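Q: the sequence isn't on hand, but the structure is:
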């Protein structure tokens, strides 16, 4: 079992920045890939970014490439998502996920409860 707890969401104006955190506990978190997903009202959950177990292979959705940075600190069992140059279309509930394997490709089998990010124009 894995427990994932997101934090760092909030409201910000367009062009601003936020950093999300995901604290993991349970099975050895540092052995598994992790990722961020988001879901806007009326839309399906979509992939945002993922990172492999060692943190040296990030992967991003085209929509956030160059603006968002995923990272992890295995000494703290925590993953981060630094979000810069935020746009109103980034507004969504952001979910942290833990994968079945060490890669950044998923599949992802454990999910956090989500944290709201709202970007106003």
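A: Okay, I see it. As the structure is a computational prediction, the values presented were derived from the model and not from experiment.

Q: quick one: buried residues of stretch 11-25?
A: 12, 18, 20-24 (16 or more other Cβ atoms under 10 Å). From N, CA and C alone the C-beta is placed, and that goes for glycine too.

Q: centre of the chain to it, how far?
A: Its chain's C-alpha centre and that of stretch 11-25 lie 9 Å apart, by Cα atoms, centre = their mean, to the nearest Å.

Q: residues contacting that stretch, please?
A: Stretch 11-25 has contacts (Cβ atoms under 8 Å, 6 or more residues apart in numbering) with 2-10, 34, 36, 76-88, 94, 96, 98, 112, 115, 117-121.

Q: which residues sit in contact with residue 117?
A: Contacts of residue 117 by Cβ under 8 Å, 6+ apart are 9-10, 12, 18, 20, 38, 83, 86, 90-94.

Q: so which elements touch the helix or strand where residue 69 lies?
A: For residue 69, the enclosing helix or strand under DSSP states H and E is strand 68-73. Judged by 3 or more Cβ pairs under 8 Å, 6 or more residues apart in numbering; DSSP states H and E, the packing partners of strand 68-73 are strand 34-39, strand 46-51, strand 58-60, strand 78-83.

Q: list the contacts of it.
A: Contacts for strand 68-73 (Cβ under 8 Å, 6+ apart): 34-36, 48-51, 55, 58, 60, 78-84.

Q: try it again at 6 Å.
A: 49, 51, 55, 58, 79-83 (Cβ atoms under 6 Å, 6 or more residues apart in numbering).
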